[in-house]
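Peer 1: Got a sequence here, can you build the structure:
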Amino acid sequence: MPEETHSSPLTARLYQTLKRHPKRIVFADGEDIRVIRVAVRMVQMEIAAPILIGNRERIHKLAKENSLPMTFINVIDPSTTSDIELFCDRLTKVSRYRGKEISKPLEIVSRPHNFAAMMIQYGHADGMIAGNKSLPTSVFRAATTMIKPLPKVATVFGAVILTAPNINNFGRDGILFMADCGVIPDPDVKQLASIAVETGKLAHHFLGRRPRVAMLSHSTHGSSETASAKKVIAATQLARQRIREELLNIDIDGEIQADVALDNSTAEIKVLDARAKDPADVLVYPNLDAGHISLKLLEQLAGAQGHGQLIMGLTRPAAQVSRSISEEGLLGTAAIVGAEAIKTNDLRLEKQRAKK
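Peer 2: Coordinates of the predicted model:
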């Protein structure tokens, strides 16, 4: 029987979806007992086919020492796999197309993060998770180098999904989508607008309803005229324009303070034309410092469970996780990446049907 899992309303729904449509999830940092335990649980729950990247002997030794079965768990060592030559050839061809020459493709492709990213780019896996034993920069570099970007997204950025059903004002459903908390130090107006729209789309996909996006600032609707507040105002206007043009089912408010975004009683005091609204589902931060600090405070002081950083703006789903992530966080992130893989596959099939 599958091991009992302490799921949130979000992940519980995703586990049921993935039981009907299991996906191949590759863990780039596979030599980690947390990853092995999560892989075993994924197999027991019948939600995914886990692939672990790393030294085969070390991974199997870790599993044996902890009495963990490796049934239906695929372990791949990039230096010995038969796919290495194929990936080297593809990297060389893509680099030449970009006007670059790669002198040592084998050395590049053999790196676990690069290999895992190439696996999902070329259909050998459906989603990638990395970072539990490595620095964020190495994960983002591999993902943005090896995976094609989405053509209409202004920038690659990071989005985190937090769940905390027992905390007041934590979104409408005990779920918050936060961006950018890990990539762009100081996004410009165009980048900030793109982050708001794409994270709104992400929230719509997972919530199954029209989400509210809050463009956060130290100012609410002109209460301060700093350069930072003006940037958020401009980004809000640009994001609303994109929503109208693309006919998206998303509400955006900005620039607003965090308490106004999350607590209607505060909004009624601070905003003259405030109407009864549900709390924001998406929080868009004006810079990386604000986003990352807020994320860590919510996790450490409020006990919120983080899933991701989802690496947004790519054609394939990938996530960078913290080195301190719990097994529950890893499992939830795997479920979210799997759900994104289902969406990516559905969109690809729609495009193929449209071409016929």
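Peer 1: beta partners for the residue nearest to residue 305 when sequence neighbours are not counted?
Peer 2: Nearest-residue entry for residue 305: residue 163, 5.0 Å, with adjacent residues in sequence omitted and distances by CB to CB, 6 or more residues apart in numbering. Backbone N, C-alpha and C define where each C-beta goes, glycine included. Under DSSP bridges, the beta-bridge partners of residue 163 are residue 175, residue 305.
Peer 1: quick one, helices of the chain?
Peer 2: 9-20, 33-45, 56-65, 84-97, 105-109, 112-121, 136-146, 189-207, 227-246, 258-262, 264-270, 288-301, 327-355 (DSSP state H).
Peer 1: who wins for proximity to residue 313 among those?
Peer 2: Closest approach to residue 313 among the helices of the chain (CB to CB): helix 189-207, 6.8 Å.
Peer 1: got the angle for that closest one vs helix 227-246?
Peer 2: Using axes from the mean of the first three to the mean of the last three CA atoms, to 10 degrees, the direction of helix 189-207 lies 60 degrees away from that of helix 227-246.
Peer 1: gap between the residue nearest to residue 305 and residue 41?
Peer 2: Residue 163 sits 18 Å away from residue 41, going by CB to CB, to the nearest Å.
Peer 1: ok so, going back, count the neighbours of the residue nearest to residue 305 for me.
Peer 2: Using other CB atoms under 10 Å, residue 163 has 21 neighbouring residues.
Peer 1: just checking, it touches residue 304?
Peer 2: Yes: using CB atoms under 8 Å, residue 163 is in contact with residue 304, at 6.8 Å.
Peer 1: Count the neighbours of the nearest residue to residue 292 once chain neighbours are set aside for me.
Peer 2: Among residues not flanking residue 292 along the chain, residue 181 sits closest, at 5.1 Å (CB to CB, 6+ apart). Using other CB under 10 Å, residue 181 has 23 other residues around it.
Peer 1: so residue 181 makes contact with residue 161?
Peer 2: No: under the criterion of CB under 8 Å, residue 181 makes no contact with residue 161, lying 10.7 Å away.
Peer 1: show me the contacts for residue 53.
Peer 2: Residue 53 makes contact with 26, 27, 28, 29, 30, 76, 77, 78, 112, 115, 116, according to CB atoms under 8 Å, 6 or more residues apart in numbering.
Peer 1: Would you agree the fourth one is in contact with residue 35?
Peer 2: Right, the one you point to is residue 29. Yes: using CB under 8 Å, residue 29 is in contact with residue 35, at 6.6 Å.
Peer 1: any common contacting residues for these two?
Peer 2: Contact criterion CB under 8 Å, 6+ apart; residues shared by residue 29 and residue 35: residue 132.
Peer 1: Specify which residue of those two has the higher count of neighbours.
Peer 2: Neighbours were counted for residue 29 and for residue 35 using other CB under 10 Å; residue 35 has more, 28 against 22.
Peer 1: In contact with the more buried one: list those residues for me.
Peer 2: Taking CB under 8 Å, 6+ apart as the criterion, residue 35 is in contact with 27, 29, 52, 132, 330.
Peer 1: Including pLDDT and distance to residue 206, could the residues you listed go into CSV?
Peer 2: Formatted as CSV, those follow (pLDDT from 0 to 100; distance: CB to CB, whole Å):
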residue, pLDDT, distance to residue 206
27, 98, 22
29, 98, 25
52, 98, 26
132, 96, 22
330, 96, 18
